[in-house]
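1. Give me the fold of what follows.
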Amino acid sequence: MAQPLLLSRCPAAAASSRRIINPSSSHLNLTTTTITYSRNIHSSLRPYRESHCHRQQPKSTQLTPVARSSYSYLRPYHSKHHPEPPSHEYTNSQTTILSAALNHVPEHGFTLDSLTLGARDVGFLDVSVQLFPRRELDLIFFWLASRRGLLRGKVENGLFEDLSISDPRTETVKKGNELSVEEKVKILILERLKMNKEIRHKWQDALALMSFPSNVPLSLSELHALSSDILTLAGDTSVDAAWYTKRLSVSAVYASAEVVMTRDETAGFSDTEAFVERRLEDCNAVDGKIGELKQCLGFMGSTAVGLGRSWGLKI
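-> Take a look at the predicted model:
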(Lines give C-alpha, C1' and ligand atoms only; values in the text may rest on other atoms or scores of the structure.)
Protein backbone atom coordinates (compact mmCIF):
# COMPACT_ATOMS: atom_id res chain seq x y z
CA MET A 1 0.00 0.00 0.00
CA ALA A 2 2.99 2.31 0.44
CA GLN A 3 3.94 2.12 -3.20
CA PRO A 4 0.67 3.59 -4.67
CA LEU A 5 0.76 6.34 -2.05
CA LEU A 6 4.26 7.28 -3.14
CA LEU A 7 3.28 7.24 -6.81
CA SER A 8 0.22 9.43 -6.27
CA ARG A 9 2.37 12.15 -4.76
CA CYS A 10 4.94 12.48 -7.51
CA PRO A 11 5.21 10.72 -10.86
CA ALA A 12 8.97 11.13 -10.69
CA ALA A 13 9.10 9.00 -7.59
CA ALA A 14 6.85 6.49 -9.29
CA ALA A 15 9.22 6.25 -12.17
CA SER A 16 12.20 5.75 -9.82
CA SER A 17 10.40 3.11 -7.82
CA ARG A 18 9.47 1.32 -11.00
CA ARG A 19 13.10 1.16 -12.02
CA ILE A 20 14.15 -0.37 -8.66
CA ILE A 21 11.47 -3.04 -8.66
CA ASN A 22 11.92 -4.12 -12.27
CA PRO A 23 15.23 -2.86 -13.66
CA SER A 24 15.00 -5.16 -16.68
CA SER A 25 11.75 -3.59 -18.01
CA SER A 26 11.95 -1.74 -21.31
CA HIS A 27 11.79 2.01 -21.72
CA LEU A 28 8.44 1.67 -23.45
CA ASN A 29 6.89 -0.04 -20.40
CA LEU A 30 8.30 2.61 -18.11
CA THR A 31 6.82 5.39 -20.17
CA THR A 32 3.45 3.68 -20.38
CA THR A 33 3.34 3.15 -16.62
CA THR A 34 4.26 6.74 -15.91
CA ILE A 35 1.56 8.09 -18.23
CA THR A 36 -1.04 5.74 -16.71
CA TYR A 37 -0.38 6.94 -13.19
CA SER A 38 -0.18 10.56 -14.28
CA ARG A 39 -3.73 10.43 -15.58
CA ASN A 40 -5.00 9.62 -12.07
CA ILE A 41 -3.35 12.62 -10.43
CA HIS A 42 -5.56 15.52 -9.51
CA SER A 43 -5.36 18.54 -11.83
CA SER A 44 -4.16 20.71 -8.94
CA LEU A 45 -0.80 18.89 -8.98
CA ARG A 46 -0.17 19.83 -12.64
CA PRO A 47 1.96 22.93 -11.88
CA TYR A 48 4.00 20.86 -9.41
CA ARG A 49 4.51 18.12 -11.98
CA GLU A 50 5.65 20.58 -14.62
CA SER A 51 8.06 22.43 -12.32
CA HIS A 52 9.64 19.56 -10.33
CA CYS A 53 9.23 16.48 -12.44
CA HIS A 54 9.69 17.83 -15.93
CA ARG A 55 13.01 16.06 -16.49
CA GLN A 56 11.51 12.67 -15.82
CA GLN A 57 8.90 12.95 -18.58
CA PRO A 58 9.82 12.03 -22.13
CA LYS A 59 10.01 14.96 -24.50
CA SER A 60 7.48 15.00 -27.28
CA THR A 61 8.76 15.74 -30.79
CA GLN A 62 5.33 16.14 -32.35
CA LEU A 63 4.84 19.56 -33.96
CA THR A 64 1.61 21.42 -33.41
CA PRO A 65 0.05 22.37 -36.75
CA VAL A 66 -0.80 26.03 -37.25
CA ALA A 67 -4.07 26.87 -38.92
CA ARG A 68 -3.56 28.53 -42.27
CA SER A 69 -6.18 31.16 -41.54
CA SER A 70 -4.02 32.55 -38.73
CA TYR A 71 -1.27 33.70 -41.06
CA SER A 72 -2.87 33.92 -44.48
CA TYR A 73 -3.60 37.62 -44.01
CA LEU A 74 0.01 38.57 -43.27
CA ARG A 75 1.71 40.75 -45.83
CA PRO A 76 4.74 39.17 -47.53
CA TYR A 77 6.53 42.52 -47.45
CA HIS A 78 6.33 45.52 -45.17
CA SER A 79 8.27 48.75 -45.01
CA LYS A 80 7.75 51.70 -42.74
CA HIS A 81 8.87 53.97 -45.57
CA HIS A 82 5.83 52.96 -47.65
CA PRO A 83 2.89 52.96 -45.22
CA GLU A 84 -0.49 51.81 -46.41
CA PRO A 85 -3.00 54.55 -47.21
CA PRO A 86 -5.94 55.01 -44.86
CA SER A 87 -8.57 52.37 -45.43
CA HIS A 88 -11.58 54.74 -45.07
CA GLU A 89 -13.67 51.78 -43.97
CA TYR A 90 -17.08 52.56 -42.55
CA THR A 91 -19.71 50.57 -40.73
CA ASN A 92 -23.11 49.93 -42.26
CA SER A 93 -24.67 52.75 -40.25
CA GLN A 94 -21.95 55.20 -41.25
CA THR A 95 -22.20 54.22 -44.91
CA THR A 96 -25.97 54.66 -44.85
CA ILE A 97 -25.76 58.12 -43.30
CA LEU A 98 -22.94 59.28 -45.57
CA SER A 99 -24.69 58.04 -48.70
CA ALA A 100 -27.83 59.96 -47.75
CA ALA A 101 -25.79 63.04 -46.82
CA LEU A 102 -24.28 63.24 -50.31
CA ASN A 103 -27.73 64.10 -51.66
CA HIS A 104 -27.66 67.34 -49.65
CA VAL A 105 -24.12 68.38 -50.64
CA PRO A 106 -25.18 70.35 -53.77
CA GLU A 107 -27.31 72.60 -51.55
CA HIS A 108 -25.56 72.63 -48.18
CA GLY A 109 -22.02 71.66 -49.14
CA PHE A 110 -19.70 69.37 -47.19
CA THR A 111 -20.97 70.53 -43.80
CA LEU A 112 -22.52 69.19 -40.62
CA ASP A 113 -25.91 70.24 -41.96
CA SER A 114 -25.59 67.71 -44.77
CA LEU A 115 -24.61 65.00 -42.29
CA THR A 116 -27.54 65.84 -40.02
CA LEU A 117 -30.05 65.90 -42.86
CA GLY A 118 -28.68 62.62 -44.20
CA ALA A 119 -29.08 61.00 -40.78
CA ARG A 120 -32.69 62.19 -40.60
CA ASP A 121 -33.46 60.86 -44.07
CA VAL A 122 -32.51 57.31 -43.08
CA GLY A 123 -34.19 57.39 -39.66
CA PHE A 124 -31.27 58.24 -37.38
CA LEU A 125 -31.23 60.87 -34.65
CA ASP A 126 -29.31 64.10 -35.03
CA VAL A 127 -26.83 62.91 -32.43
CA SER A 128 -25.74 60.21 -34.89
CA VAL A 129 -23.26 62.66 -36.41
CA GLN A 130 -21.06 61.78 -33.42
CA LEU A 131 -20.27 58.56 -35.29
CA PHE A 132 -17.93 60.61 -37.46
CA PRO A 133 -14.97 61.91 -35.42
CA ARG A 134 -13.65 63.93 -38.37
CA ARG A 135 -17.07 65.41 -39.13
CA GLU A 136 -17.04 67.17 -42.53
CA LEU A 137 -13.77 65.54 -43.51
CA ASP A 138 -15.35 62.10 -43.31
CA LEU A 139 -18.02 63.27 -45.74
CA ILE A 140 -15.36 64.57 -48.15
CA PHE A 141 -13.32 61.37 -48.06
CA PHE A 142 -16.45 59.29 -48.53
CA TRP A 143 -17.24 61.33 -51.62
CA LEU A 144 -13.74 60.82 -53.01
CA ALA A 145 -13.67 57.09 -52.29
CA SER A 146 -17.15 56.53 -53.72
CA ARG A 147 -16.28 58.40 -56.93
CA ARG A 148 -13.23 56.21 -57.39
CA GLY A 149 -15.48 53.20 -57.08
CA LEU A 150 -17.83 54.60 -59.71
CA LEU A 151 -14.90 55.20 -62.04
CA ARG A 152 -13.77 51.60 -61.71
CA GLY A 153 -17.32 50.46 -62.31
CA LYS A 154 -17.53 52.44 -65.55
CA VAL A 155 -14.38 50.81 -66.88
CA GLU A 156 -15.62 47.37 -65.91
CA ASN A 157 -18.90 48.07 -67.71
CA GLY A 158 -17.09 48.86 -70.96
CA LEU A 159 -16.20 52.55 -70.88
CA PHE A 160 -13.43 52.19 -73.46
CA GLU A 161 -15.21 49.62 -75.58
CA ASP A 162 -18.02 52.02 -76.43
CA LEU A 163 -15.69 54.87 -77.41
CA SER A 164 -14.43 55.84 -80.84
CA ILE A 165 -12.02 58.78 -81.05
CA SER A 166 -10.93 60.48 -84.24
CA ASP A 167 -7.24 61.30 -84.51
CA PRO A 168 -6.77 64.60 -86.41
CA ARG A 169 -3.12 63.82 -87.09
CA THR A 170 -3.71 60.56 -88.92
CA GLU A 171 -7.36 61.27 -89.84
CA THR A 172 -8.39 57.88 -88.54
CA VAL A 173 -10.89 56.68 -85.97
CA LYS A 174 -9.62 54.69 -83.01
CA LYS A 175 -11.73 52.27 -81.08
CA GLY A 176 -11.42 51.53 -77.40
CA ASN A 177 -9.01 48.63 -77.74
CA GLU A 178 -6.74 50.73 -79.98
CA LEU A 179 -6.32 53.63 -77.57
CA SER A 180 -2.94 54.26 -76.00
CA VAL A 181 -2.33 54.56 -72.27
CA GLU A 182 -2.04 58.35 -72.54
CA GLU A 183 -5.38 58.62 -74.34
CA LYS A 184 -7.08 56.43 -71.75
CA VAL A 185 -5.59 58.52 -68.95
CA LYS A 186 -7.08 61.65 -70.50
CA ILE A 187 -10.51 60.00 -70.80
CA LEU A 188 -10.43 58.80 -67.20
CA ILE A 189 -9.40 62.20 -65.84
CA LEU A 190 -12.24 63.88 -67.71
CA GLU A 191 -14.73 61.23 -66.57
CA ARG A 192 -13.69 61.77 -62.97
CA LEU A 193 -13.99 65.54 -63.32
CA LYS A 194 -17.50 65.20 -64.74
CA MET A 195 -18.55 63.58 -61.46
CA ASN A 196 -17.92 66.93 -59.75
CA LYS A 197 -20.47 68.70 -61.93
CA GLU A 198 -23.19 68.79 -59.26
CA ILE A 199 -20.94 69.91 -56.40
CA ARG A 200 -18.27 71.97 -58.17
CA HIS A 201 -19.53 75.25 -56.66
CA LYS A 202 -19.10 73.68 -53.20
CA TRP A 203 -15.75 72.05 -53.91
CA GLN A 204 -13.62 75.09 -53.10
CA ASP A 205 -14.73 74.88 -49.47
CA ALA A 206 -13.81 71.19 -49.44
CA LEU A 207 -10.37 71.97 -50.89
CA ALA A 208 -9.86 74.60 -48.19
CA LEU A 209 -10.72 72.07 -45.49
CA MET A 210 -8.38 69.45 -46.96
CA SER A 211 -5.55 72.00 -47.09
CA PHE A 212 -5.35 72.23 -43.29
CA PRO A 213 -1.93 70.94 -42.15
CA SER A 214 -3.48 68.14 -40.11
CA ASN A 215 -5.55 66.99 -43.12
CA VAL A 216 -2.86 67.19 -45.80
CA PRO A 217 -1.49 63.62 -45.34
CA LEU A 218 -4.92 62.03 -45.76
CA SER A 219 -5.73 64.29 -48.70
CA LEU A 220 -2.50 63.39 -50.49
CA SER A 221 -3.10 59.70 -49.83
CA GLU A 222 -6.52 59.92 -51.45
CA LEU A 223 -5.11 61.85 -54.42
CA HIS A 224 -2.38 59.24 -54.84
CA ALA A 225 -4.98 56.47 -54.73
CA LEU A 226 -6.95 58.18 -57.50
CA SER A 227 -3.90 58.63 -59.75
CA SER A 228 -2.90 55.02 -59.15
CA ASP A 229 -6.40 53.84 -60.09
CA ILE A 230 -6.42 55.95 -63.24
CA LEU A 231 -3.11 54.58 -64.52
CA THR A 232 -4.00 51.03 -63.56
CA LEU A 233 -7.35 51.23 -65.35
CA ALA A 234 -5.59 52.78 -68.35
CA GLY A 235 -3.36 49.72 -68.63
CA ASP A 236 -0.08 51.14 -67.34
CA THR A 237 2.30 48.32 -66.36
CA SER A 238 5.47 50.25 -65.49
CA VAL A 239 7.41 48.91 -62.50
CA ASP A 240 10.50 51.14 -62.54
CA ALA A 241 10.94 54.75 -61.47
CA ALA A 242 8.36 55.75 -64.08
CA TRP A 243 5.73 54.28 -61.75
CA TYR A 244 6.28 57.22 -59.40
CA THR A 245 6.76 59.93 -62.01
CA LYS A 246 3.59 59.01 -63.92
CA ARG A 247 1.44 59.00 -60.82
CA LEU A 248 2.92 62.28 -59.70
CA SER A 249 2.12 63.80 -63.10
CA VAL A 250 -1.46 62.52 -63.07
CA SER A 251 -1.96 63.80 -59.53
CA ALA A 252 -0.68 67.25 -60.49
CA VAL A 253 -2.85 67.42 -63.61
CA TYR A 254 -6.01 66.30 -61.84
CA ALA A 255 -5.54 68.52 -58.77
CA SER A 256 -5.00 71.61 -60.89
CA ALA A 257 -7.91 70.70 -63.20
CA GLU A 258 -10.25 70.51 -60.20
CA VAL A 259 -9.42 74.10 -59.29
CA VAL A 260 -9.96 75.23 -62.89
CA MET A 261 -13.31 73.45 -63.05
CA THR A 262 -14.66 75.32 -60.02
CA ARG A 263 -14.49 78.53 -62.10
CA ASP A 264 -15.38 77.08 -65.49
CA GLU A 265 -18.68 78.43 -66.82
CA THR A 266 -18.35 77.18 -70.40
CA ALA A 267 -20.72 74.68 -71.95
CA GLY A 268 -19.60 71.13 -71.31
CA PHE A 269 -16.60 72.46 -69.35
CA SER A 270 -14.66 72.92 -72.57
CA ASP A 271 -12.08 75.15 -70.87
CA THR A 272 -11.35 72.44 -68.32
CA GLU A 273 -10.99 69.83 -71.05
CA ALA A 274 -8.61 72.06 -73.00
CA PHE A 275 -6.61 72.66 -69.82
CA VAL A 276 -6.27 68.92 -69.20
CA GLU A 277 -5.12 68.34 -72.77
CA ARG A 278 -2.43 71.03 -72.50
CA ARG A 279 -1.16 69.76 -69.18
CA LEU A 280 -0.97 66.17 -70.39
CA GLU A 281 0.90 67.26 -73.51
CA ASP A 282 3.35 69.17 -71.33
CA CYS A 283 3.86 66.12 -69.12
CA ASN A 284 4.46 63.89 -72.14
CA ALA A 285 6.92 66.43 -73.53
CA VAL A 286 8.78 66.56 -70.21
CA ASP A 287 8.89 62.77 -70.04
CA GLY A 288 10.26 62.69 -73.58
CA LYS A 289 12.94 65.23 -72.74
CA ILE A 290 13.92 63.29 -69.64
CA GLY A 291 14.21 60.13 -71.73
CA GLU A 292 16.39 61.92 -74.27
CA LEU A 293 18.52 63.33 -71.45
CA LYS A 294 19.03 59.83 -70.04
CA GLN A 295 20.11 58.56 -73.45
CA CYS A 296 22.48 61.49 -73.86
CA LEU A 297 24.03 60.96 -70.44
CA GLY A 298 24.37 57.25 -71.12
CA PHE A 299 26.11 57.92 -74.43
CA MET A 300 28.47 60.43 -72.83
CA GLY A 301 29.28 57.99 -70.03
CA SER A 302 30.04 55.11 -72.39
CA THR A 303 32.19 57.44 -74.51
CA ALA A 304 34.16 58.58 -71.47
CA VAL A 305 34.73 54.97 -70.39
CA GLY A 306 35.92 53.99 -73.88
CA LEU A 307 38.24 56.99 -74.03
CA GLY A 308 39.72 56.16 -70.64
CA ARG A 309 40.36 52.57 -71.62
CA SER A 310 42.09 53.69 -74.82
CA TRP A 311 44.48 55.68 -72.64
CA GLY A 312 45.29 52.60 -70.62
CA LEU A 313 43.12 53.31 -67.60
CA LYS A 314 41.70 50.27 -65.84
CA ILE A 315 38.02 51.12 -66.02
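2. do you know how far the nearest residue to H201 once chain neighbours are set aside is from I199?
-> In space, and not counting its chain neighbours, H201 is closest to T262: 7.1 Å by Cβ to Cβ, 6 or more residues apart in numbering. (C-beta placed from N, C-alpha, C; glycine too.) For T262, the distance to I199 (Cβ to Cβ, to the nearest Å) stands at 10 Å.
3. if we can go back for a sec, what count of nearby residues applies to the residue nearest to H201?
-> T262 has 17 neighbours, counted by other Cβ atoms under 10 Å.
4. For the stretch 201-315 of the chain, give me the ranges with low pLDDT.
-> 284-309, 312-315 (pLDDT under 70).
5. Surely L179 is in contact with D162?
-> No - if you go by Cβ atoms under 8 Å, L179 and D162 don't touch, sitting 11.9 Å apart.
6. Which one's more surrounded, the two?
-> L179 (19 against 9).
7. ok, for the more buried one, nearest residue in space, not its chain neighbours?
-> F160 is the one closest to L179 (Cβ to Cβ, 6+ apart), at 6.3 Å.
8. what helix or strand does the one you found sit in?
-> Following DSSP states H and E, one finds F160 outside all helices and strands.
9. Who are the contact partners of it?
-> With contacts defined as Cβ atoms under 8 Å, 6 or more residues apart in numbering, F160 is in contact with G176, N177, L179, K184, I187.
10. Tell me which two of those residues sit farthest apart.
-> N177 and I187 (13.3 Å; Cβ to Cβ).
11. which one of these two has more residues nearby?
-> Under the neighbour definition other Cβ under 10 Å, N177 and I187 were set side by side, and I187 has more, 20 against 8.
12. what separates that one from I165, distance-wise?
-> For I187 relative to I165 (Cβ to Cβ), the value is 8 Å.
13. Do you have the helices of the stretch 201-315 of the chain handy? List them.
-> Along the stretch 201-315 of the chain, counting by DSSP state H, counting those that start in this stretch, helices occupy 203-210, 216-234, 242-261, 270-310.
14. Can I get those helices in JSON lines including mean neighbour count and distance to M195?
-> Shown next, in JSON lines, are the helices of the stretch 201-315 of the chain (neighbours: other Cβ atoms under 10 Å; distance: least, Cβ to Cβ, whole Å):
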{"stretch": "helix 203-210", "mean neighbour count": "17", "distance to M195": "11"}
{"stretch": "helix 216-234", "mean neighbour count": "18", "distance to M195": "11"}
{"stretch": "helix 242-261", "mean neighbour count": "18", "distance to M195": "11"}
{"stretch": "helix 270-310", "mean neighbour count": "13", "distance to M195": "13"}
